[in-house]
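>>> what follows is a predicted protein model with its sequence.
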Amino acid sequence: MMRRRRRACQRVAYARWMTIDWNQFTPWASLAGGLLLGLAAALFILLNGRVLGISGILGGLLRPRQGDTGWRLAFLAGLLLAPALWSLFAAPVAPRFPAGPAMLVLAGLLVGWGTREGSGCTSGHGVCGLARLSPRSLVATLAFMASGFASVFVVRHVLA
């Protein structure tokens, strides 16, 4: 009797731990976004001979080289204007931040520090570097993913 009750409690705890938020589960939109990102990265490297890494593009503006600023500014302007243009065709999605302003600032600073330490960001290593079969990008992407998994586990199961 006691053993059966313990198993039932374990199943309930496991089911609560392994739930999917079906309202936020968007496989088709995610697939389309991934395909568009891959296409953009492939076209960028084919047409410009450069890797589509956001931190590298932005970082290049901090130490500009002759004739290197225009395309970087155009790229970043496109990143900022694309949501505004999209809102002409579809209703804008209201952003939802499950953290306060201080946590968002801290997260942004940690991401910025991590991209400098890791010699690139998730888009540079995870999309472009892996596509080029770069061993350094594979290690960086594995580190990104492991850090993300560990962070979510700590926040949701240790600190919660």
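Yep, it's here. Just so it is clear, the structure is predicted and the values come from calculations on it, not from any experiment. Numbering: from 1, shown residues only.

>>> all helices of this structure, in order?
2-17, 27-48, 54-62, 69-86, 101-117, 122, 130-131, 135-153 (DSSP state H).

>>> for A94, find the nearest of the ones you listed.
helix 69-86 (11.9 Å; Cβ to Cβ). C-beta here means a position set from N, CA and C on the backbone, and glycine is covered the same way.

>>> export that closest one as PDB, just CAs?
What follows is helix 69-86 as a C-alpha-only set of coordinates in PDB (Å, rounded to 0.1, in the frame of the first residue of the first chain):
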ATOM      1  CA  THR A  69      30.100  51.000 -41.400                       C
ATOM      2  CA  GLY A  70      27.300  51.300 -44.000                       C
ATOM      3  CA  TRP A  71      26.300  47.700 -44.400                       C
ATOM      4  CA  ARG A  72      26.500  47.200 -40.600                       C
ATOM      5  CA  LEU A  73      24.100  50.100 -40.000                       C
ATOM      6  CA  ALA A  74      21.800  49.000 -42.800                       C
ATOM      7  CA  PHE A  75      21.700  45.500 -41.300                       C
ATOM      8  CA  LEU A  76      20.900  46.800 -37.800                       C
ATOM      9  CA  ALA A  77      18.300  49.200 -39.200                       C
ATOM     10  CA  GLY A  78      16.700  46.200 -40.900                       C
ATOM     11  CA  LEU A  79      16.500  44.400 -37.600                       C
ATOM     12  CA  LEU A  80      14.800  47.300 -35.900                       C
ATOM     13  CA  LEU A  81      12.400  48.100 -38.800                       C
ATOM     14  CA  ALA A  82      11.400  44.600 -39.700                       C
ATOM     15  CA  PRO A  83       8.800  44.300 -36.800                       C
ATOM     16  CA  ALA A  84       7.300  47.700 -37.800                       C
ATOM     17  CA  LEU A  85       6.900  46.500 -41.400                       C
ATOM     18  CA  TRP A  86       5.500  43.200 -40.300                       C
END
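
>>> any idea how far it is from the chain center?
18 Å (Cα atoms, centre = their mean, to the nearest Å).

>>> next one: L133 from A42, what distance?
Counting by Cβ to Cβ, to the nearest Å, the gap from L133 to A42 is 14 Å.

>>> ok, now F149?
Taking Cβ to Cβ, one finds F149 at 28 Å from A42.
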